[in-house]
Each structure stands twice: as C-alpha cells, then as structure tokens.
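> how would this look folded up:
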Amino acid sequence: MAEEVKLHIHNVTKVYRSGEQDVLAIDEVDLKIRNQEFATILGPSGCGKSTLLRIVAGLTKPTSGVARMDDRVINEPGQDRGMVFQSYTLFPWLTVKENIQFGLEISGLDKGKQEQIAREFVEKVGLRGFENTYPKGLSGGMKQRVAIARALANNPAILLLDEPFGALDAQTEAIFLSDRVFVMTARPGKVKAEIDIPLPRPRSYELKSTEAFLNLKQQALTLIREEAIKATNIVA
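Coordinates of the predicted model:
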C-alpha cells in the first residue's frame, strides 16, 4: 500500500528582490510529508526554513515550483494550515482566552462553542488561571503556548511552527519529537539530507541518553556544521 502524502513541496524555488539584486533564498526544494507525520527542517541561519514555511502557509508565493496539500495547489492562507510564528504575534489587547478564540470568532463559530474550545486549550497548554491575563503579563514560554493553542483551536490539518525551540538545543528536541528530519544547505537552501528517526513511541526523556539517539543527533549536527561553515566561509 502506497504511503499517503499529506504535503508535497515540488521543486520550489524562491527569489527575493533586495535593492538592485535578486537573492535566491531556496532552490528547487523537493520533499514530501506523510499524513500524521512529525517532520522538522533544520539548517544554518538564512537557509530558507522560514521562507519554506511561509510558502506552505500560503503567505508567500514561490517563484517557481508548487506546494500541494492533499494534492491541491496552495495559493493562499487557509484554516487547514495553522502557523505559529517565531515572534508569537499575539494580539496585545486580547487576553489569553480571547487570543485563543480569535480564529474561532472569525470563522463564525457559536459563542458558546468558542468558549468551550478555548477552555479546553487553556487546560491543554497548562495555562489555567491565566485565562484573563494579557500578553504583557506572560513569559516568553507562556506566550508561545498561547500561540500554539490558538493555532490548534482551529483544528488545522497541518501545524507549522517557525523556530519553535527558541534557545533550546534544537537538534536534540527535533530528534526527540520527529519522525523525520530534513537538513537544508546554506543559502540557497536545498534539501541536503533526510534522516529517518526510527525511535519507538511514546518517547521518554531517558531516550536522550541512549546510543541510538546520540548517533542520530551527531549525524544531524555534523550535517548542519558542514553547512554553517560554508555559510560563514570558514575553512574547516
């Protein structure tokens, strides 16, 4: 039985205009994400990770190539894709609960149902007691949880997270959470390698000290380091 492809990024290239120059951000990126799969894209700074996510979100159009979800071409944003930005983008004039309800209200959902869903996600992200708090009263981690809850409350088919690990060890978290990891080259970004993560689920924190986990982490680190050296013109 053939695997079910949820998202297919097919030969996607993006060129930005910067002053008098064209900047090639990503170059013929081709990858497939399976249904129910947790995939992570890693790479050096400036490799085009955010650009790729924005194309999938429908916020940026590719210069060439196409992104398809469920075999439909992505041309614009849609509720079937939730995106959490690196800066969280919470509305400062809305409380935690109101931020989570925002998309539900826009979609015209019944007020009572909005309240129910918002309460459920406040609980799921561990923010009970902060429902009526405004973003200025939250820590960075709490703001991130609100942003994730807001995206999930709309029941998207795909959740896109831009730099979700913040100051954490991104490689460790990516391997711990993912089914597959894609490593991108330095700009212009291409897919350099695809790493399968055949670790059993559910995964406990003890897994991070196993030889299998450490080998996968070292593989990812080596690939990223190679590209970081290219990006900074350092000779190894």
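
> quick check, Leu160 in a helix?
No. Counting by DSSP: H, G, I helix; E, B strand; the rest coil, Leu160 is not found in a helix; it is strand.

> these two touch, right, it and Val56?
Yes. The criterion here is CB atoms under 8 Å, and Leu160 meets it with Val56 at 6.1 Å. (Each C-beta comes from the backbone N, C-alpha and C, glycine too.)

> shared neighbours of these two, anything?
Residues within reach of Leu160 and of Val56 at once, by CB atoms under 8 Å, 6 or more residues apart in numbering, are Arg81.

> need the per-residue pLDDT for Ala167.
Note on Ala167: pLDDT of 52.

> what of Ala228?
pLDDT, Ala228: 89.

> okay, now Arg225: neighbour count?
Counted with other CB atoms under 10 Å, residues neighbouring Arg225 total 12.

> element containing it, please.
helix 211-231 (DSSP states H and E).

> residues in contact with stretch 99-107: which ones?
By CB under 8 Å, 6+ apart, the residues outside stretch 99-107 that reach it are 79, 90-91, 94, 113-115, 117-118, 121-122, 135, 146-147, 149-151, 153-154.

> show the buried residues in those.
90, 94, 114, 117-118, 121-122, 135, 146-147, 149-151, 153-154 (16 or more other CB atoms under 10 Å).

> might one say that Pro39 is in contact with Ile33?
Just so we're on the same page, residue 39 is Ala rather than Pro. Yes. Proximity of Ala39 to Ile33 meets the contact threshold set by CB under 8 Å, at 5.1 Å.

> following element in sequence after the lowest-mean-pLDDT helix or strand in the chain, please.
Sorting the helices and strands of the chain by mean pLDDT, DSSP states H and E puts helix 170-177 at the bottom, at a mean of 90. The helix or strand immediately downstream of helix 170-177 is strand 180-184, counting by DSSP H and E.

> same for that following strand, what does it pack against?
Judged by 3 or more CB pairs under 8 Å, 6 or more residues apart in numbering; DSSP states H and E, the packing partners of strand 180-184 are strand 21-34, strand 39-42, strand 191-196, helix 211-231.

> may I see these arranged in TSV, with distance to Leu177 as well?
Shown next, in TSV, are the helices and strands packed on strand 180-184 (distance: least, CB to CB, whole Å):
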stretch	distance to Leu177
strand 21-34	14
strand 39-42	7
strand 191-196	13
helix 211-231	12
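
> just say which of these is most tucked in.
Of the helices and strands packed on strand 180-184, the one with the most neighbours on average (mean count of other CB atoms under 10 Å) is strand 39-42, at a mean of 22.

> other SSEs contacting that strand?
Contacts defined by 3+ CB pairs under 8 Å, 6+ apart place strand 39-42 against helix 49-57, helix 170-177, strand 180-184.

> among those, which comes closest to Met69?
Among the helices and strands packed on strand 39-42, helix 49-57 comes nearest to Met69, with 7.6 Å by CB to CB.

> and whichever helix or strand comes after that closest one, which residues are buried?
Using DSSP H and E, the helix or strand that follows helix 49-57 in sequence is strand 64-69. Buried positions in strand 64-69, judged by neighbour count with 16+ other CB under 10 Å: Gly65, Ala67, Arg68, Met69.

> now render these as CSV, adding pLDDT and distance to Val5.
Below are the buried residues of strand 64-69 laid out as CSV (pLDDT from 0 to 100; distance: CB to CB, whole Å):
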residue, pLDDT, distance to Val5
Gly65, 98, 16
Ala67, 98, 12
Arg68, 97, 9
Met69, 96, 9
